[in-house]
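[1] Here's my sequence, what's the structure:
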Amino acid sequence: SEMNELDQIEEELSKTLLQLEELSKSKYKAKDVAKQRNKVNQAKGAADSAAKRITALESEMSKLTLPMSEEEFEATTENIMRIAPFVAPALARFITNRHEDFDKYRQLAIHTDLTKPHEWYAHARLDKRKIIFHAGPTNSGKTYNALQRLKQAKKGMYLAPLRLLAAETYESLTAEGIYTDLITGQEKRKVPFSTHQSSTVELASLEEDFDVVVIDEIQMLRDEFRGFAWTRALLGVRCKEIHVCGGAEAIDIVKKMSRMCGDDFELHQYERFSDLKVLDYSLAKSPTSRGSYENVQPGDCVVAFSRRDIFAIKREIEKNTSFKCCVIYGTLPPDVRAEQARRFNDPNSEYEILVASDAIGMGLNLFIK
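    This next block holds a predicted model:
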């Protein structure tokens, strides 16, 4: 009997376990049903909202009037299909022409973009150049050192701020047996089989390849009227080694331009060979006294700022002293300028005073005391 009771208890336990299992499954099913019911309710709400929107749109459309009747629409469609074979090619040609015009406008915008001047000289950008800046005051040897490197080059070019300075360098190179062309706005001397060229900076050649180029008085980059010529030369010359000479005030802008072009930059700085001193006394005894040019000494230079003043001072000095004067100014013929400079620099010459314009301040080599 005890065995029977155990079997009954075991059966009841099994039934209880099955009921518990079914109950747990029903709970999970109830949760799933609740989720599905929520989704159905959301979908029903969205459908109701869409139905209301459709009803509102149908109401608005019922108030609209068609621009044309069905018969007119069909007639218009037929007309369009009839002329389409003629209109479509014309429209295609029009779009093609407009595209070409737009391309021309883009090219024009590129070529007239003044914000990237270094991109105007594509040939110069093909090579990585080396910019060597010789910075220093007058009479410091900066241009001399640059010219020494120019003389060693197989092919070179010197760019000067003045015709007189270009002519002086031309004579210096020619005297050392280097075949050199002289190119200025006033004259051109072409030498057969020439390897070098001396010219004013405005006439710099950007079509030839050079081994060494020397650009003198680079601080003129900042000049309001002539600065473009130095900018053009520095950005556009086709040369792997460019020597620029000038004042230290131009170092930053030249360095910036070198970086913009992707070129290397090297700086050499120089000091003045002799001190520049201001005398404690004037040629004139007082601001109102006359005849002060009687006090000039051999080796002196008087600078004037007009051709008329230059010749007036020359006449006064030669009238009141025993000295003879040489004159130098920008518009003087090149041969005459060179001869005047030679006479003044010659210690055995009888010409001991120089009367000149401010053009001599651009690096002209004169033995002024």
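[2] Can you show me the CA trace of stretch 256-263 as PDB?
    The C-alpha trace of stretch 256-263 is given here as PDB (Å, rounded to 0.1, in the frame of the first residue of the first chain):
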ATOM      1  CA  LYS A 256      58.100  83.500 -48.300                       C
ATOM      2  CA  MET A 257      58.100  83.500 -52.100                       C
ATOM      3  CA  SER A 258      60.700  80.700 -52.100                       C
ATOM      4  CA  ARG A 259      58.500  78.600 -49.800                       C
ATOM      5  CA  MET A 260      55.500  79.300 -52.000                       C
ATOM      6  CA  CYS A 261      57.400  78.000 -55.100                       C
ATOM      7  CA  GLY A 262      58.700  74.900 -53.200                       C
ATOM      8  CA  ASP A 263      62.300  76.200 -53.600                       C
END
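[3] pull the helix or strand with minimum mean pLDDT from this protein.
    When each helix and strand of the chain is scored by mean pLDDT, DSSP states H and E, helix 2-63 comes last, with a mean of 68.
[4] Can you give the distance of stretch 181-188 from its chain's centre?
    Taking Cα atoms, centre = their mean, to the nearest Å, the mean C-alpha location of stretch 181-188 is offset from the chain mean by 28 Å.
[5] which parts of it are buried?
    For stretch 181-188, a neighbour-count test (16 or more other Cβ atoms under 10 Å) marks 181-184 as buried. Where C-beta positions appear, they are placed from N, C-alpha and C, glycine not excepted.
[6] mind giving me JSON lines with these and columns for distance to residue 75 and secondary structure?
    What follows is the buried residues of stretch 181-188, written out as JSON lines (distance: Cβ to Cβ, whole Å; DSSP: H, G, I helix; E, B strand; the rest coil):
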{"residue": "181", "distance to residue 75": "81", "secondary structure": "strand"}
{"residue": "182", "distance to residue 75": "84", "secondary structure": "strand"}
{"residue": "183", "distance to residue 75": "78", "secondary structure": "strand"}
{"residue": "184", "distance to residue 75": "80", "secondary structure": "coil"}
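[7] Let me know the closest of those residues to residue 199.
    residue 183 (3.8 Å; Cβ to Cβ).
[8] remind me which residues of this protein are low pLDDT?
    Along the chain, the model assigns pLDDT under 70 to residues 1-17, 19-34, 36-37, 40, 286-289, 291, 362-364.
[9] can you map out the strands along it?
    130-135, 156-160, 180-183, 188-189, 196-200, 209-215, 238-246, 264-269, 301-303, 324-328, 351-356 (DSSP state E).
[10] what's the closest of the ones you listed to residue 285?
    Among the strands of the chain, strand 301-303 sits nearest to residue 285 (Cβ to Cβ), with 17.3 Å.
[11] helices or strands next to that closest one in the packing?
    With contacts defined as 3 or more Cβ pairs under 8 Å, 6 or more residues apart in numbering; DSSP states H and E, the packing partners of strand 301-303 are strand 351-356.
[12] Does residue 321 touch residue 298 like I think?
    No - using Cβ atoms under 8 Å, residue 321 makes no contact with residue 298, being 10.0 Å away.
[13] Need the overlap of contacts for those two.
    Listed as contacting both residue 321 and residue 298 by Cβ atoms under 8 Å, 6 or more residues apart in numbering are residue 353.
[14] Pick out whichever of those two has more residues nearby.
    residue 321 (16 against 10; other Cβ atoms under 10 Å).
[15] What count of nearby residues applies to the residue lying closest to the more buried one once chain neighbours are set aside?
    Of all residues not flanking residue 321 in the chain, residue 294 sits nearest, at 5.9 Å (Cβ to Cβ, 6 or more residues apart in numbering). Applying other Cβ under 10 Å, we find 12 residues neighbouring residue 294.
[16] separation between residue 294 and residue 353?
    Counting by Cβ to Cβ, to the nearest Å, the gap from residue 294 to residue 353 is 12 Å.
[17] what's the overlap in contacts for these two?
    By Cβ under 8 Å, 6+ apart, the residues touching both residue 294 and residue 353 are residue 321.
[18] burial count for residue 58?
    9.
[19] same thing with residue 347?
    Neighbours of residue 347 (other Cβ under 10 Å): 8.
[20] Leaving out the residues flanking it, which one is nearest to it?
    Counting by Cβ to Cβ, 6+ apart, the residue nearest residue 347 is residue 367, at 8.0 Å.
[21] what does residue 236 give?
    The nearest residue in space to residue 236 (Cβ to Cβ, 6+ apart) is residue 121, at 3.9 Å.
[22] Now do the contacts for the one you found.
    206, 235-236.
[23] Try it again at 10 Å.
    Residue 121 makes contact with 206, 232, 234-238, 261, according to Cβ atoms under 10 Å, 6 or more residues apart in numbering.
[24] Narrow those residues to those in helices?
    Residues of the contacts of residue 121 located in helices (DSSP state H): 232, 234-236, 261.
[25] Can you lay out the residues you listed as JSON lines showing distance to residue 134 and neighbour count?
    Below are the ones in helices among the contacts of residue 121 laid out as JSON lines (distance: Cβ to Cβ, whole Å; neighbours: other Cβ atoms under 10 Å):
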{"residue": "232", "distance to residue 134": "20", "neighbour count": "17"}
{"residue": "234", "distance to residue 134": "14", "neighbour count": "28"}
{"residue": "235", "distance to residue 134": "19", "neighbour count": "20"}
{"residue": "236", "distance to residue 134": "20", "neighbour count": "20"}
{"residue": "261", "distance to residue 134": "19", "neighbour count": "21"}
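[26] And the residues you listed, which is closest to residue 45?
    Nearest to residue 45 among those, with distances taken as Cβ to Cβ, is residue 261, at 68.4 Å.
[27] Quickly note the distance from that closest one to residue 249.
    21 Å.
[28] Also residue 35?
    From residue 35 to residue 249 the distance is 81 Å (Cβ to Cβ).
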